[in-house]
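Trainee: return a 3D structure for these sequence lines:
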Amino acid sequence: ASDVYKRQLQGWPSVGRGIDGLPVIGVGPSVPVGPGAEMWTSILACGDPACLDYSETRVDGIAFWALEVEANGATTAIGYDPKAAGARDGFEVMVCDDRTCDQGLTRLDVDGWNDFGAPHRLAMLIGIPVASYAHDLNVTSAAVGVFECLDAECERERSSVVDGGSESALAAGPAGPVAMVRHLTSPQFQGGLALDVWDSSFAEATTVELYDPARLDVTTRSPGAGSVAVGADGTPAAVWVQDVVNGPADDAPDVAIPSFGLAAAALDALTEEAFTDFDITATDGLFIDEPAPGGPGALAGLMQGDVIIAIDGVPAITADDLYETDTQPGQVLEIDYERRGQPASTQLTVGAGYSELVVARCDNPSCDTGTIATIAQTPLEQLSYWASLDIGPDNDPFVVYRNPADVVVTRCDDPACTTNAIELQRW
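Mentor: This next block holds a predicted model:
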């Protein structure tokens, strides 16, 4: 749009649309860190639906993260101010009197949140900014911070914290915020995906597991950046992509491929330190870097640092050798391997590997019950994590997702996506 945007890759842009139907876009620099980094936020208010004409308001000193257009048409944005190299803390909220932010811009520095890390998402709840954030840069915990400015300086606010995961998406419900969270460390939901649903008190959230429990042992790659939305009736919906690495062979979809559930590399790709750290004596073989939890390799007892020497008696030299043995899902293979210099063997049952796009729809605003539906399947790891969902005026979800070749727009034919998913467009 202008020279400043051509000079560097942008970080997370965001778009909203006001009551006039015209887009408002927020942009900022890509991951600025350190006290000397250039930090700024630009609000681009489009003057026509295609944004061929726009006005720009730039706010220096705030690294942009997210934007929402309120019901009254005014723009609210959120960003952060890195206080030290490598750190992301110091929330700032930008509240405008109009959509263009060219007048009435108020910067609210929420100093009390400096220890929480960078904001991830922003939603508006009856005019109250709602932000989700990660506690630290290691992303070992998750929280949704809800703050309501009780004075002009925003020195007092209220917030609520849910520990144990990493936030992925946020929406505002009829009473409180709804967040989709990857629970990385929570004992109850470890490795799974859940919705955290708040009520109007913001005191605590109800955590609702999204994974179908019967599928927990066949799902591995942690869900990525999915999306969550709330319908006009107040019921949340969520979309995400998950990988099945050890699906049952007799119930596998046609797109399934043989899956070993192993990340492996040829020995000639390793450093000398790796040979020393794992006491490797073999000269040829496949080094196992990381078995997928619950995958065929892990179930066969293989561990990081093991070296596969042969598969059904055939030497294994490169990672391609895993898939050049003409294997089929359900086939049992004899694996000869080395562990810290000692020979060993095990039997591995090949899994059915595929990726699927999943939509969950709650039956009520508190999400006590709900439905999970699969609307797309591809061979393993061929669906991008980046899936987005919104809910139309008829309460049916729209989903945008990416497979290896296309971006696909799909409309569900019912609120729970259980009867039919209609492909509308493919680019």
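Trainee: low-scoring stretches of the protein, by residue?
Mentor: Within the chain, the segments meeting pLDDT under 70 span 1-12, 30-38, 81-91, 108-120, 125-129, 131-168, 181-192, 202-203, 211-225, 323-325.
Trainee: now the helices for it?
Mentor: 3-6, 272-277, 296-299 (DSSP state H).
Trainee: report the backbone C-alpha coordinates of the second one in PDB.
Mentor: Pointing back at helix 272-277 there. Extracted as PDB, the C-alpha positions of helix 272-277 are listed here (Å, rounded to 0.1, in the frame of the first residue of the first chain):
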ATOM      1  CA  GLU A 272      29.500 -36.100  15.800                       C
ATOM      2  CA  GLU A 273      27.900 -35.000  19.000                       C
ATOM      3  CA  ALA A 274      24.800 -37.100  18.200                       C
ATOM      4  CA  PHE A 275      26.900 -40.200  17.700                       C
ATOM      5  CA  THR A 276      28.500 -39.600  21.100                       C
ATOM      6  CA  ASP A 277      25.300 -38.600  22.900                       C
END
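Trainee: number the residues from 205 up from this point.
Mentor: Sure, I'll start counting at 205 from here, so that last one is helix 476-481.
Trainee: can you redo the helices of the chain as JSON lines with distance to residue 446 and mean neighbour count?
Mentor: Bear in mind the C-beta positions are built from the backbone N, C-alpha and C, glycine included. Formatted as JSON lines, these follow (distance: least, CB to CB, whole Å; neighbours: other CB atoms under 10 Å):
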{"stretch": "helix 207-210", "distance to residue 446": "35", "mean neighbour count": "10"}
{"stretch": "helix 476-481", "distance to residue 446": "30", "mean neighbour count": "11"}
{"stretch": "helix 500-503", "distance to residue 446": "17", "mean neighbour count": "22"}
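Trainee: quick check: residue 277 touching residue 221?
Mentor: No. Using CB atoms under 8 Å, residue 277 is not in contact with residue 221, being 10.0 Å away.
Trainee: which ones are touching the residue located most distally from the centre of the chain?
Mentor: Note on the chain: the largest C-alpha distance from the chain mean falls to residue 517, namely 40.8 Å (CA atoms, centre = their mean). Neighbour list for residue 517: 538, 540 [criterion: CB atoms under 8 Å, 6 or more residues apart in numbering].
Trainee: let's see 10 Å
Mentor: Residue 517 makes contacts with 537-538, 540, as judged by CB atoms under 10 Å, 6 or more residues apart in numbering.
Trainee: swap in residue 536?
Mentor: The contact partners of residue 536, by CB under 10 Å, 6+ apart, come to 504, 516, 551-554.
Trainee: follow-up on the earlier one: and the contacts of residue 517, which is closest to residue 624?
Mentor: Nearest to residue 624 among the contacts of residue 517: residue 537, at 39.3 Å, using CB to CB.
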